[in-house]
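[1] What follows is a protein structure lacking sequence information:
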């Protein structure tokens, strides 16, 4: 009977640990871009830093992103990167997307199925904004799940 108590306790712990992701707030891509605009307009660098910390480790939902290319990663923790373009009112914005599967391994099969021009739906964790010359920037999403839209 004692073993059953330990099995039930272990089961509750496993379910509790896996459900922790349900408590992470999810932002839409438009909300992330709005926060980026607030960061850029902040007069005080500390205020911009606090806004950036607000996004840290939060999930971001991206709808109707179009795959631009699949290439080698610029992030040391991943081998491949999916670069997708999202249309926004301020113009097209690139997303650098890195995937993970349920075993927390890089999801090569999802990336291997993609082709440039595919429309995808992504839920990933916000990592950072990548800045490029000419006031251009991109959003980096890690630990993402990619679903191809039909």
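    Everything's here; your move. None of the values given here were measured: they were computed from a predicted structure. Numbering: from 1, shown residues only.
[2] what about the strands in this protein?
    Ranges of strands within the chain are 26-28, 59-72, 80-86, 93-99, 119-132, 136-148, based on DSSP state E.
[3] Tell me how far the fifth one lies from the chain's centre.
    Right, the one you point to is strand 119-132. Its chain's C-alpha centre and that of strand 119-132 lie 5 Å apart, by C-alpha atoms, centre = their mean, to the nearest Å.
[4] mind putting the strands of the chain in CSV, mean pLDDT included?
    Formatted as CSV, these follow (pLDDT from 0 to 100):
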stretch, mean pLDDT
strand 26-28, 88
strand 59-72, 92
strand 80-86, 92
strand 93-99, 92
strand 119-132, 90
strand 136-148, 89
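[5] and of the ones you listed, who's closest to residue 49?
    Taking C-beta to C-beta as the criterion, residue 49 comes closest to strand 119-132 out of those, the separation being 12.5 Å. Every C-beta, even on glycine, is put in place using the N, C-alpha and C of the backbone.
[6] What residues sit buried inside the closest one?
    Judged by neighbour count (16 or more other C-beta atoms under 10 Å), strand 119-132 contains these buried residues: 120, 122, 124, 125, 126, 127, 128, 129.
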